[in-house]
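Peer 1: Pasting a predicted model and its sequence here:
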Amino acid sequence: MLEIIVQASITAVCLYIWFETDAAIEYLKAIDRTAGFFTKEKNEIIEKFDKQRKLSPSISLPEFLCIENNNFLARLFACPTCLGVWINIIPSLTMSVPLSYYFPSLMLSFFLYYGLNKLING
């Protein structure tokens with residue numbers, strides 16, 4: 001039972017950070033500033049996002065990526081349900097959690113993510 005709660009919590013937190021905060025883009029910028037990690041193409045994407053953000057402040061990184069590159073991966077990363085399904089598999093494979101826990105964990109992770117989102121954003 002504890003494994004289901006841990007797995008669902010990991011998934012919910014990942015979804016919340018990706019969809020409801022600017023943490024991903026801020027970390028990308030910080031990594032690039034300190035290490036010069038990204039190529040010119042990736043720097044251009046960050047710059048385009050910043051320009052788009054000035055035009056429409058409510059756009060998120062997942063929405064921007066979907067607009068910029070309308071392909072399967074971009075749509076996957078822009079959909080909380082789709083991404084949650086795949087993120088929920090990772091703990092099953094890395095933490096030796098039985099696959100029979102997958103569906104209860106998936107449902108609990110969505111309950112936690114959407115409930116937390118509703119609680120915080122109203």
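Peer 2: Arrived safely, thanks for sending. Residues are numbered from 1 along each chain as shown.
Peer 1: What is the neighbour count of residue 69?
Peer 2: The tally of other residues near residue 69 (other C-beta atoms under 10 Å) stands at 13. Every C-beta, even on glycine, is put in place using the N, C-alpha and C of the backbone.
Peer 1: That one and residue 83: what is the separation?
Peer 2: Residue 69 sits at a distance of 15 Å from residue 83 (criterion: C-beta to C-beta, to the nearest Å).
Peer 1: Residue 97 now?
Peer 2: For residue 97, the distance to residue 83 - C-beta to C-beta - is 19 Å.
Peer 1: Can you tell me the element the spatially most central residue of the chain falls in?
Peer 2: Residue closest to the average C-alpha location in the chain (C-alpha atoms, centre = their mean): residue 18, at 3.0 Å. Taking DSSP states H and E as the definition, residue 18 sits inside helix 2-20.
Peer 1: again with residue 62
Peer 2: Going by DSSP H and E, residue 62 is part of helix 61-68.
Peer 1: Tell me the first helix or strand C-terminal of that helix.
Peer 2: Downstream of helix 61-68 (by DSSP H and E), the next one is helix 72-77.
Peer 1: still on that earlier bit, which helices and strands sit right next to the helix holding residue 62?
Peer 2: Under the contact criterion of 3 or more C-beta pairs under 8 Å, 6 or more residues apart in numbering; DSSP states H and E, helix 61-68 touches helix 2-20, helix 40-55, helix 72-77.
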